[in-house]
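J.: coordinates for the following, if possible.
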Amino acid sequence: MAKSVKINAILNVTLSASSMLVSVITIPYVTRALSVSGYGDVNFAQSISSWLNAFCVAGIPTYGIRECAKVRDDKEQLATLVRELLRIITICTVVVLGLFAIAILVVPRLAKIAPLMWMFLVSTLLQSYGVEWYFQALEDYRYITIRSIIFKIISLIAIFLFVRHSGDYIIYGGILALVTCGNNVFNIIRLRKEIGSSGKGALCLTRHVKALESFALLNIASAVYLSFDTTLLGFCSPDNSQVALYQLASKIKNAVFAAVLAVINTLVSRLSYYFAKEQQQYYLLLKRATLILVETNLGVACFLAVFAKEISILVSSEKYINAAMPLRIVAFAGFLSSINAIIGFCILTPMGREKRLAIANTVGVPVSLVLNLALDWSWGAVGAAVAVLVSEGCIFIVQFASSIDVFHSLNIGKDIMKSLLCNLVPMLLSIFCEGALPVNISGSSEMSSFIVICVGLLVYLLTWLLVSSVTKSAVFCYVKNIIANVYRRISGK
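T.: A predicted model of the protein is given here:
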């Protein structure tokens, strides 16, 4: 295969890093400029758009990557497949957005913020036809990265130019809904150029129905348990303040874990190819990726949990200090979510076990619904965070049971224990460090938080380096090999 996994991973990490950078820049600015309730209104509308989009695309983003990757060397078959999948998306989108439009008109809570809702209806439409799955299947990450970064820059400039006062939340919602999804229009234009007149024969949509049942159920289940909490919080909170707190915690978590999920997305196409043709390479790549991602993700979750208060203050000022507890909880939900992504998309999907994957995610839906209904009314953002953590835990248990044979083959039990030890010791020392440092080191609470975070990060990394060098953890060995290779190239040895 001509394209390197490393290059694809670098491009995808660059894309995710750009998303993380935009979040790092915009979240502090927007949360300070807008009122807490206005920021919550935008996130409430965005959450509804997110799970409606899952109904529109009917599982095609994941299914499309796998199927397009299989036939990408045959232009005629590829074009026919793409046209069939787009036809299915069109049917689903017309039905879903038609019902959404009616809901905006008749549901009082939605009608109250109708301008935002109409904007996000258009956003949902643009997302449905994004065809990102097509370019991912072809591993055209250079195009994806460049195009996305350009539109992120445009949205970033627009936010700084037009979002300046507490009442500008409608403008902010419009930028998120329209500008950031505008790149999908270019996807369609490029897609039409690439497939041209190929695949214009008879289309057979029914051949995808059986497989899409599982993928659609998976995507819808995932979207519901990930977005229903925010939607319910919007109905529970008259001014959407709890939505703002919960979404701040979630966005911090998402920004931090974005690079990890980018690597996983990069691996799906290559692992599907290896499993079909070179299974030895499949297991080698899977083992290395799993160990590195588990150790890295656990470290990120532990650090976020320990310094949640300081991070919340630094990112969005003291008016968001109540986001600290939700952040602590969703940090570990993020860890479980990334592990579930590894199992689901790197093991179950390439092996054709998507039904088991769908069942696992379906299990999370009732758990999330019940816990959100029980906790959100009284606990608010904390209740929503607990619900998503428990849901991710249930999904992990079912997915792990569905792939236990693969983990037996990988034989990574001892390596996982090393990863746990390498993060447990730094976490305990960081807790001591966070408690020992004065609450107000400088005159500013934000500067004090920054100092505590920097000191804590230094303590965590140095402790991790010491413990991992003794245990020879996966990440330590991988980084050591990279440094050794770079040294040999520089020295000419």
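J.: what comes up buried for the strand or helix carrying residue 81?
T.: Taking DSSP states H and E as the definition, one finds residue 81 inside helix 75-106. Across helix 75-106, burial judged by 16 or more other Cβ atoms under 10 Å covers 77-86, 88-89, 92-93, 96-97, 100, 103-104. In this view, the C-beta of every residue, glycine as well, is placed from N, C-alpha and C.
J.: report the rounded mean pLDDT for the next helix or strand after that helix.
T.: Proceeding N to C from helix 75-106, the next assigned helix or strand is helix 108-111, under DSSP H and E. Taken as a whole, helix 108-111 has a mean pLDDT of 89.
J.: quick one: helix 108-111 to chain centroid distance?
T.: Relative to the mean C-alpha coordinate of its chain, helix 108-111 is positioned 28 Å out (Cα atoms, centre = their mean, to the nearest Å).
J.: likewise for stretch 58-69?
T.: With Cα atoms, centre = their mean as the basis, stretch 58-69 stands 17 Å off its chain's centre.
J.: what sits up against it?
T.: Here stretch 58-69 makes contact (Cβ atoms under 8 Å, 6 or more residues apart in numbering) with 78, 81-82, 85, 88-89, 92, 131-134, 136-138, 208, 211-212, 214-220, 268-269, 272-273, 345, 349-350, 354.
J.: so which of those residues sit within helices?
T.: 78, 81-82, 85, 88-89, 92, 132-134, 136-137, 211-212, 214-220, 268-269, 272-273, 354 (DSSP state H).
J.: among the residues you listed, name the buried ones.
T.: 78, 81-82, 85, 88-89, 92, 132-134, 136-137, 211-212, 214-220, 268-269, 272-273, 354.
J.: tell me which helix or strand comes right after whichever strand or helix holds residue 435.
T.: Under DSSP H and E, the secondary-structure element containing residue 435 is helix 413-436. The helix or strand immediately downstream of helix 413-436 is helix 445-471, counting by DSSP H and E.
J.: any idea which helix or strand comes after that following helix?
T.: As assigned by DSSP H and E, the chain's next helix or strand after helix 445-471 is helix 474-491.
J.: now do the same contact list for residue 302.
T.: Contacts of residue 302 (Cβ under 8 Å, 6+ apart): 331, 423-424, 426-427, 430, 460.
J.: buried subset of the residues you listed as a ChimeraX selection?
T.: Filtering the contacts of residue 302 down to the buried ones (16+ other Cβ under 10 Å) takes a single ChimeraX command:
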select :331,423,426,427,430,460
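J.: adding pLDDT and distance to residue 27, write the contacts of residue 302 out as TSV.
T.: Conversion of the contacts of residue 302 to TSV gives the following (pLDDT from 0 to 100; distance: Cβ to Cβ, whole Å):
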residue	pLDDT	distance to residue 27
331	95	16
423	90	26
424	92	30
426	91	26
427	93	25
430	89	23
460	92	23
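J.: contact partners for the residue lying closest to residue 389 once chain neighbours are set aside?
T.: Distances taken as Cβ to Cβ, 6 or more residues apart in numbering place residue 333 nearest to residue 389, at 4.2 Å, with adjacent residues excluded. Counting by Cβ under 8 Å, 6+ apart, residue 333 touches 253, 385, 388-389, 392.
J.: the residues you listed in helices, which ones?
T.: 253, 385, 388-389, 392.
J.: out of those residues, which end up buried?
T.: 253, 385, 388-389, 392.
J.: distance of the residue nearest to residue 389 relative to residue 353?
T.: 24 Å (Cβ to Cβ, to the nearest Å).
J.: can you check residue 284 too?
T.: Per Cβ to Cβ, residue 284 is found 20 Å from residue 353.
J.: the two: who's more crowded?
T.: residue 353 (19 against 13; other Cβ atoms under 10 Å).
J.: and residue 362, how many residues sit next to it?
T.: 19.
J.: got the confidence number for it?
T.: With respect to pLDDT, residue 362 scores 81.
J.: kindly report the same for residue 372.
T.: Looking at residue 372, the pLDDT reads 90.
J.: for the one 5 residues further on, same thing?
T.: According to the per-residue confidence, residue 377 scores 87 in pLDDT.
J.: so it sits against residue 237, correct?
T.: No. Counting by Cβ atoms under 8 Å, residue 377 sits too far from residue 237 to count as a contact (9.7 Å).
J.: any chance of the ones in helices among the contacts of residue 333 in a markdown table, with distance to residue 468 and pLDDT too?
T.: Formatted as a markdown table, the ones in helices among the contacts of residue 333 follow (distance: Cβ to Cβ, whole Å; pLDDT from 0 to 100):
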| residue | distance to residue 468 | pLDDT |
| --- | --- | --- |
| 253 | 24 | 89 |
| 385 | 30 | 94 |
| 388 | 30 | 91 |
| 389 | 27 | 95 |
| 392 | 26 | 92 |
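J.: what's the burial count for residue 264?
T.: 19.
J.: got the contact list for residue 293?
T.: Residue 293 sits next to 260, 263-264, 338-339, 342 when contact means Cβ under 8 Å, 6+ apart.
J.: check which element follows the helix or strand residue 313 falls within along the chain.
T.: Assessed by DSSP H and E, residue 313 sits inside helix 308-316. Using DSSP H and E, the next helix or strand after helix 308-316 towards the C-terminus is helix 324-343.
J.: need the residues that contact stretch 123-132.
T.: Residues from elsewhere that reach stretch 123-132, judged by Cβ under 8 Å, 6+ apart: 49, 52-53, 56-57, 61, 64, 82, 86, 89, 92-93, 96-97, 100, 144, 176-178, 181-185, 187-188, 191.
J.: could you find the closest non-adjacent residue to residue 113?
T.: Residue 113 sits nearest to residue 41 (Cβ to Cβ, 6+ apart), 5.3 Å away.
J.: the host helix or strand of the one you found packs against which elements?
T.: Taking DSSP H and E as the criterion, residue 41 maps to helix 36-57. Judged by 3 or more Cβ pairs under 8 Å, 6 or more residues apart in numbering; DSSP states H and E, the packing partners of helix 36-57 are helix 75-106, helix 114-128, helix 169-174, helix 209-236, helix 241-277.
J.: how about the ones you listed in a markdown table, adding distance to residue 398?
T.: Output for the helices and strands packed on helix 36-57, formatted as a markdown table (distance: least, Cβ to Cβ, whole Å):
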| stretch | distance to residue 398 |
| --- | --- |
| helix 75-106 | 26 |
| helix 114-128 | 28 |
| helix 169-174 | 36 |
| helix 209-236 | 12 |
| helix 241-277 | 19 |
